[in-house]
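Asker: Provided below are the primary sequence and the corresponding predicted coordinates.
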Amino acid sequence: MPAPSLPPLRDVISRHGLRASKALGQNFLLDEQLLARIAAIPGDLNGSRVFEVGPGPGGLTRAALRAGAYVTAVEMDRRCIPALEELGAAFPGQLTVIEGDAMKLDAHALVGDGAHIIANLPYNVGTQLLVDWLSVPWKPWWKSLTLMFQQEVAERIVAPVDSEAYGRLAILAQWRSEAKIAMRVHRSAFTPPPKVMSAVVHITPGDEPNRVKLPMLERITAAAFGQRRKMLRQSLKGVPGALESLETLGIDPQRRAETLSVADYVAIAQLLSA
């Protein structure tokens, strides 16, 4: 069955009197070819479940619906709800719209296991939502994350060891999942254009290393990167057993936090979690 014909997104925005809210971290993406490319990043969505945060006027939503997905979209800006309800009417049975705050909702309870999360995340809550999704029991309920961030945040997520962007967020994203930048998006693609460039990050879950407790990994990385310019012998001295773990693993305590690989932090956490 062919996808229904839909009005241009600019017409939808104009007809509903929508303006991106700076307070809500909104920037609308209207290029439908670009939106289709983003929706294609997770692979074939036909028959799949998708969870979306902050759909706004529904640009990315319609791309996922056209790909055959069943979308649950959470939007806290009630001005956008009528436009999303119109979109739902065009795709009967495929779209569920929830007016609410994604930070306060249980996404897993809403969509179940195996859903893809796809979102042009509001800038003011994007990083916290990512941390929440990465911190669930493993393997996670979600199948993949395809998320738009400010380019600076995206680079922190995928940063390699010993780079300026490498830190706690990179370790959280990479210690049991694979993260990559799937696409960079110029600021001119948005309405209104943000001050910075954006990028789409794609994350898929991997195997969790044995005998590692997430709270311990978080404690070690918080101590190490909380005093980034200091040597590990100073930054980790407040974590019981951490300096002894460095000695056991043959890691020079005079090194700095950004020079240790994700595997190094996992190994320290394994010793301290035992």
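Answerer: That came through, no problem.
Asker: secondary structure element for Ala119?
Answerer: When elements are assigned from DSSP states H and E, Ala119 belongs to strand 115-120.
Asker: show me the contacts for Gln94.
Answerer: Going by C-beta atoms under 8 Å, 6 or more residues apart in numbering, Gln94 touches Leu65, Ala69, Tyr70, Val71, Gly88. C-beta: built from backbone N, CA, C; applies to glycine.
Asker: so which elements touch the first helix or strand past the strand holding Ala119 going along the chain?
Answerer: Sequence order places helix 126-134 as the next helix or strand after strand 115-120, per DSSP H and E. When contacts are defined as 3 or more C-beta pairs under 8 Å, 6 or more residues apart in numbering; DSSP states H and E, helix 126-134 packs onto strand 142-150, helix 151-158, helix 168-174.
Asker: the first one vs helix 151-158, what angle?
Answerer: Angle of strand 142-150 versus helix 151-158, following axes from the mean of the first three to the mean of the last three C-alpha atoms, to 10 degrees, is 140 degrees.
Asker: now do the strands in the chain.
Answerer: In the chain, the strands defined using DSSP state E lie at 28-29, 49-53, 70-75, 95-99, 115-120, 142-150, 177-185, 190-191, 198-205.
Asker: right, and those strands - which one's nearest Leu105?
Answerer: strand 70-75 (6.1 Å; C-beta to C-beta).
Asker: pLDDT value on Ala274, please?
Answerer: Listed pLDDT for Ala274 reads 82.
Asker: re earlier: can you add mean neighbour count and distance to Ala40 and give the strands of the chain back as a markdown table?
Answerer: Shown next, in a markdown table, are the strands of the chain (neighbours: other C-beta atoms under 10 Å; distance: least, C-beta to C-beta, whole Å):
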| stretch | mean neighbour count | distance to Ala40 |
| --- | --- | --- |
| strand 28-29 | 22 | 15 |
| strand 49-53 | 25 | 12 |
| strand 70-75 | 24 | 15 |
| strand 95-99 | 18 | 19 |
| strand 115-120 | 26 | 10 |
| strand 142-150 | 23 | 9 |
| strand 177-185 | 17 | 10 |
| strand 190-191 | 19 | 20 |
| strand 198-205 | 21 | 11 |
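Asker: let's have these in a markdown table, adding mean pLDDT and distance to Gln234.
Answerer: Output for the strands of the chain, formatted as a markdown table (pLDDT from 0 to 100; distance: least, C-beta to C-beta, whole Å):
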| stretch | mean pLDDT | distance to Gln234 |
| --- | --- | --- |
| strand 28-29 | 81 | 45 |
| strand 49-53 | 97 | 39 |
| strand 70-75 | 97 | 43 |
| strand 95-99 | 98 | 47 |
| strand 115-120 | 96 | 39 |
| strand 142-150 | 97 | 32 |
| strand 177-185 | 97 | 29 |
| strand 190-191 | 80 | 43 |
| strand 198-205 | 97 | 32 |
